[in-house]
Each structure stands twice: as C-alpha cells, then as structure tokens.
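Engineer: Let's see this in three dimensions:
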Amino acid sequence: MKNILKSLMAIAVLALTTAPVFAFPDVEDDYWAAAQINLLSEQGVIVGYPDGTFQPDNNVTRAEFAAMAIRALGQEHTKVAQPVNFTDINEEYWAYEDIQKALYFDLISCDKEGDIFRPEDSVSRAESLSVAVNALTTETISLNKAKEVLAQQYADANSIPEWFIIPAGKAEILGMVVVMPTKEKAELEAERPATRAEVAAILFKMMEQAKLNPNAKLAEAMRKKTGEGIVLESATVQGSIGTIPAGTVVPVSLNSYISSQSSEGGALYTAIAPKNYVTREKYILVRQGAALKGQLLDVRPGRYFVRNGVLVLKNSLITTDNDQTAPFVAVGEIKKDRNWWMKFVRWAFKGEKLEVPAQGTVQMELLEPVRVDLTNGWIYEN
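Structural biologist: Numbers count the residues shown, from 1 in each chain. Below is the predicted model:
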C-alpha cells in the first residue's frame with residue numbers, strides 16, 4: 001500500500017512540474033494563440049501590461065510591432081550606421097533604434113528622406129504580414145498567381161489593397177496567414193488593426209520561417225562570425241551561443257607599464273584582447289582590440305631576505321566592438337619562469353622584482369563564465 005501511495009505521489013509531483021506554466025492570467029491554456037504568446041513572452045519578444053495581463057484583443061502600434069519584429073529575429077543588438085530621417089520621430093523616441101533596424105533589414109520601406117512613420121498608428125494585418133514576408137527570401141510570384149491563391153481561401157480576396165496582393169499571396173503559400181478560429185468565414189481583413197494575439201502568431205511563424213530562409217541582410221547578420229585567433233579549447237558552442245567557461249585562461253595586453261616596485265595596490269589598469277578569442281571551430285568569441293578594465297588587486301615590492309614581489313590583477317569589465325560594456329571577471333598573477341637553480345636562489349634569498357611592460361601580456365583566468373552571441377558578439381549578462 002505504501003508503495004502504491006508513493007507511486008501516486010510521484011506521478012502527481014511529475015504532473016505538476018511538467019505542466020505548462022502560462023504567463024498571463026487572461027490567456028488561458030485553451031486560447032487559440034496561447035502557445036505562441038507564452039513562447040514569445042519567455043523569449044522577451046513580447047511583454048504584458050503592468051498589471052500582469054496580456055490583453056490579447058488590444059491593438060499594437062507600428063512602433064511596437066517594429067520593436068517586436070526585431071527582437072523576434074534576434075537583431076536587437078545590431079548597429080545601424082546610416083539612419084533614415086523621419087519627420088515624426090527622432091533619436092529620443094523610445095523605438096527609434098528598432099525602427100531604424102527594421103528599415104535596415106528591409107522589413108519596412110521608406111520612399112524618401114523626411115517621410116512620416118506614424119509610430120502611434122495601429123499596425124494593420126496587411127502591414128504585419130508584409131513585414132513577416134519581407135524578413136524572408138521567397139520565390140517570385142506573379143500578381144495573377146497571388147490573386148488565384150488568395151481567391152481560393154478568402155472571401156474578401158478581391159477587396160484587399162493592390163500593394164498587399166503579392167505579399168499576401170506569398171504569406172498564404174508559406175502558411176503564414178493568421179485567421180482567428182472564431183471567424184465564421186476566412187477573411188484577410190487586410191486593413192483591420194492586428195490584435196496582440198494575431199501579432200504574436202504572425203511573429204512566431206516569421207521566426208520559424210526566418211530560421212530556414214532569412215532575407216539576404218538577415219542571413220548575413222544571423223551567420224556565426226568566424227576568424228583566426230587564439231583558440232580557447234574549453235569554449236563550447238550551442239546553436240548561436242558560445243560560452244567561455246570559468247577557469248579558462250586568456251591573454252590580455254596591458255596598455256601601460258606595471259611593476260611590483262612602483263605600482264600601487266588598487267590602481268586601475270586598461271588592456272586589450274591582443275587577438276581574436278575563438279572556439280575550436282574558429283567562431284569569434286571576443287574580437288581583437290576589445291577593451292578591458294580592472295585594478296591591481298595585490299601589489300607588494302620584492303625585498304631581499306623578506307619576500308619576492310607580488311603583482312596580482314583583477315579584471316572587471318570588457319567593452320566590445322558593439323560598444324557594449326559587460327562583466328569580464330578574471331584574475332592574473334604575474335610570475336617569472338625560472339630554471340631550477342634560479343628558483344632555488346629566489347626561494348632562498350627572495351627579493352625578486354616583477355614587472356610587465358606596456359603591450360606586455362598577462363594570462364588571466366576567468367572567474368565567471370562568459371556567454372556570447374556568435375552572430376554579433378553580444379555578451380549576455382548573468
């Protein structure tokens with residue numbers, strides 16, 4: 001009997017721990033877009049309201065959708081060198097960078113400098129589906145072919161805007177059109193504002209398709225970057241993420257001279273990565289020239305018959321070529337390689353002096369793992 005009770009309890013615990021956890025109280029597990037909403041929420045693509053709800057029937061602004069699309073494609077850390085000027089948004093606008101990235105990756109278009117973006121307008125179903133299609137490399141189809149495909153499925157196919165016919169036809173062929181199951185008749189409703197639930201479902205389908213057939217600019221951005229450099233044998237790769245584990249030793253090149261005899265404990269130092277740090281597969285983890293900062297943790301001058309010099313550095317930060325400053329916690333102790341006789345002399349008489357010249361190399365051991373997006377060099381903070 002006890003064994004039976006134990007088994008029943010184990011089954012109950014397993015059911016509780018493996019049951020899906022839904023992020024929002026107003027999105028029940030049988031809601032038609034629950035899976036997509038919760039997945040995108042977990043990945044930080046979409047967020048709820050301050051009261052914890054998702055409000056799936058609310059509309060989404062064009063600015064919000066641009067930000068969501070960029071996050072869904074994993075390009076939130078991309079830098080745009082030549083932004084496009086709009087008359088109704090500037091650099092202070094919260095979604096300015098995301099809108100510029102959407103333009104750069106050809107998700108949206110701008111006919112000329114000085115156009116308006118209409119960031120606070122609701123994004124329509126046609127606009128959201130067009131962005132999803134623009135993220136992909138697709139086969140060319142004719143206007144007639146698109147009309148034929150749409151006429152077979154949607155009651156309002158003849159009334160959609162001319163500009164949307166081909167994107168809609170491509171979306172239908174790719175299975176990306178989202179129609180709420182509550183609708184009696186399948187309709188594109190191209191000009192109706194898209195709901196938050198519909199946007200989640202469209203973005204989910206875009207993400208899946210973009211993994212297979214991204215457009216040219218996205219394909220380049222999503223490619224793991226490779227190069228020559230210092231191979232970190234212990235680094236691992238999972239998908240597009242590379243991890244440099246704690247305990248890995250990396251060389252850094254100091255920007256200025258330090259010495260056990262003249263430097264002071266607590267003094268700050270700067271350094272750089274002398275070459276790319278790469279995985280065994282030659283994926284770049286940290287690019288050459290990345291700036292490092294830290295302080296001299298322990299400095300004690302060498303004195304005869306007292307002690308050998310002590311020089312210990314602790315690195316704290318790294319600034320990458322993305323202009324990202326992130327933790328890079330490592331320590332390095334300066335030691336000199338000696339033959340057995342000199343080791344005995346230094347042990348017996350002590351007094352060894354330590355120094356590292358400017359552009360000299362120090363071996364640093366990581367105290368915390370570093371996780372890097374291999375497509376863009378972004379470091380994920382723990």
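Engineer: Every contact and neighbour count from this point should use C-alpha atoms.
Structural biologist: Noted.
Engineer: What does the pLDDT read for Thr17?
Structural biologist: The pLDDT attached to Thr17 in the predicted structure is 35.
Engineer: show me what contacts the residue nearest to Val177 when sequence neighbours are not counted?
Structural biologist: The spatial neighbour of Val177 that comes closest, neighbours along the chain excluded (CA to CA, 6 or more residues apart in numbering), is Ala171 at 5.7 Å. Applying CA atoms under 8 Å, 6 or more residues apart in numbering to Ala171 gives the contacts 129, 133, 177.
Engineer: Name the spans of the stretch 51-200 of the chain whose pLDDT lies under the cut-off.
Structural biologist: Scanning the stretch 51-200 of the chain for pLDDT under 70 picks out the ranges 112-114.
Engineer: how does it look with 80?
Structural biologist: For the stretch 51-200 of the chain, applying pLDDT under 80 flags the ranges 111-114, 182-185.
Engineer: could you pull out the helices for it?
Structural biologist: For the stretch 51-200 of the chain, helices defined by DSSP state H, counting those that start in this stretch occupy the ranges 62-72, 96-104, 125-134, 143-151, 165-173, 196-212.
Engineer: circling back: now, among the contacts of Ala171, which is nearest to Ser259?
Structural biologist: Proximity of the contacts of Ala171 to Ser259 was ranked by CA to CA; the top entry is Val133 with 59.8 Å.
Engineer: what about that closest one, how many residues close to it?
Structural biologist: Here the neighbour count serves as a burial measure; for Val133 (other CA atoms under 10 Å) it reads 26.
Engineer: The one 4 residues further on too?
Structural biologist: When counting by other CA under 10 Å, one arrives at 16 neighbours for Thr137.
Engineer: go on, Ile116?
Structural biologist: That count, for Ile116 with other CA under 10 Å as the rule, works out to 13.
Engineer: Just to check, it is in contact with Thr87?
Structural biologist: Yes. Under the criterion of CA atoms under 8 Å, Ile116 is in contact with Thr87, at a separation of 5.4 Å.
Engineer: Could you work out which of the helices of the stretch 51-200 of the chain reaches nearest to Phe328?
Structural biologist: Go through those one by one with CA to CA and the one that ends up closest to Phe328 is helix 62-72, at 25.0 Å.
Engineer: Output the contacting helices and strands for the closest one.
Structural biologist: Other helices and strands packing on helix 62-72, by 3 or more CA pairs under 8 Å, 6 or more residues apart in numbering; DSSP states H and E, are helix 96-104, helix 196-212.
Engineer: Give me the residues contacting the helix or strand that the last one is followed by.
Structural biologist: The one in question is helix 196-212. Tracing the chain C-terminally past helix 196-212 and defining elements by DSSP states H and E, one meets helix 216-222 next. Contacts made with helix 216-222 from outside it, assessed by CA under 8 Å, 6+ apart, are listed as 75, 105-106, 135, 137, 213, 375-376.
Engineer: Just the buried residues of those.
Structural biologist: For the contacts of helix 216-222, burial is judged from neighbour counts taken by 16 or more other CA atoms under 10 Å, and it is met by 75, 105-106, 135, 137, 375-376.
Engineer: ok, which pair from those is furthest apart?
Structural biologist: In the buried ones among the contacts of helix 216-222, the most distant members under the criterion CA to CA are Thr137 and Asn376, with 21.0 Å between them.
Engineer: On the strand side of things, show who Pro327 bridges to.
Structural biologist: Following DSSP bridges, Pro327 is listed with bridge partners Leu317.
Engineer: hmm, back to that, which of the helices and strands packed on helix 62-72 sits closest to Ile284?
Structural biologist: Of the helices and strands packed on helix 62-72, nearest to Ile284 by CA to CA is helix 196-212, at 20.9 Å.
Engineer: Show me how far that closest one is from its chain's centre.
Structural biologist: Centroid separation for helix 196-212 versus its chain: 17 Å, with CA atoms, centre = their mean, to the nearest Å.
Engineer: cool, and stretch 184-199?
Structural biologist: Using CA atoms, centre = their mean, the distance from the centre of stretch 184-199 to the centre of the chain it belongs to is 30 Å.
Engineer: Kindly check the end-to-end length of that stretch for me.
Structural biologist: Start-to-end span of stretch 184-199 (CA to CA, to the nearest Å) is 20 Å.
Engineer: contacting residues around it?
Structural biologist: When contacts are taken as CA under 8 Å, 6+ apart, the neighbours of stretch 184-199 outside the stretch itself are 33, 37, 55-60, 65, 122-126, 128, 153-157, 160-161, 177-180.
Engineer: Look at Asn38 and say how many residues are nearby.
Structural biologist: With other CA under 10 Å as criterion, Asn38 counts 22.
Engineer: whoops, Asn382 was the one
Structural biologist: Under the criterion other CA under 10 Å, the count of neighbours that Asn382 has is 9.
Engineer: Tell me, what's the model's pLDDT at it?
Structural biologist: At Asn382, the pLDDT recorded in the model is 73.
Engineer: same thing with Arg346?
Structural biologist: With respect to pLDDT, Arg346 has a value of 64.
Engineer: What count of nearby residues applies to Ser122?
Structural biologist: Here the number of neighbours of Ser122 (other CA under 10 Å) works out to 20.
Engineer: what sits opposite it in the beta ladder?
Structural biologist: Using DSSP bridges, the bridge partners assigned to Ser122 are Thr61.
Engineer: Over to Ile241?
Structural biologist: Here Ile241, judged by DSSP bridges, has bridge partners Gln238, Asp373.
Engineer: Thanks a lot, see you next time.
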